[in-house]
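Colleague: Model the following, please.
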Amino acid sequence: MSDDLVYHSLACHCCRGNIEACTMDDVWAMRIDGVLHQVPVRKVPCHKCLRCDTVTLDGTSDEVVMYCLQKYMDAQGLNTPYLRAKRWLRRRVLGIRDRIQRDWYRSMRTLRRETA
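Modeller: I've put the predicted structure just below:
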């Protein structure tokens, strides 16, 4: 084994201190169907700095946050088949509109030629 490989623990982005893996409980403001809701999230995995108490989330927290969001929507009656179909249709229509706008914008750009 080579001596070049040295283990380095994760470091904080703010103070370069050591961080530890932990979970957090919080209340997040999320927009559902255009209305702002206070959604409680529980046991979200995160990284917390031991020196400055900065908390950082990464991709591992997405599944837990989505689970908490679905539980909240079920409890509030926001997951009816009608509302889910309405959200699905809105996502599709807005996606098509965004692609059309993007393609139109790209077609209107002109390429500049550099002359020597």
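Colleague: CA only for contacts and neighbour counts going forward, please
Modeller: Noted.
Colleague: what kind of secondary structure is Asp4 in?
Modeller: When classified by DSSP: H, G, I helix; E, B strand; the rest coil, Asp4 comes out as coil.
Colleague: and what of Glu20?
Modeller: Glu20 - assigned by three-state DSSP - is strand.
Colleague: Pull out the buried positions in the helix or strand His37 falls within.
Modeller: Assigned by DSSP states H and E, His37 belongs to strand 35-49. Of all the residues in strand 35-49, those buried under the rule 16 or more other C-alpha atoms under 10 Å are Val39, Pro40, Val41, Val44, Pro45, Cys46, His47, Lys48, Cys49.
Colleague: Equivalent analysis for stretch 91-102, please.
Modeller: Taking 16+ other C-alpha under 10 Å as the criterion, stretch 91-102 shows none as buried.
Colleague: Just name the closest of the buried residues of strand 35-49 to Gly77, please.
Modeller: Using C-alpha to C-alpha, Val39 comes nearest to Gly77 of those, at 13.7 Å.
Colleague: ok, so of the buried residues of strand 35-49, who is nearest Trp104?
Modeller: Val39 (37.9 Å).
Colleague: Would you mind stating the distance between that closest one and Cys22?
Modeller: Distance, Val39 to Cys22, by C-alpha to C-alpha, to the nearest Å: 20 Å.
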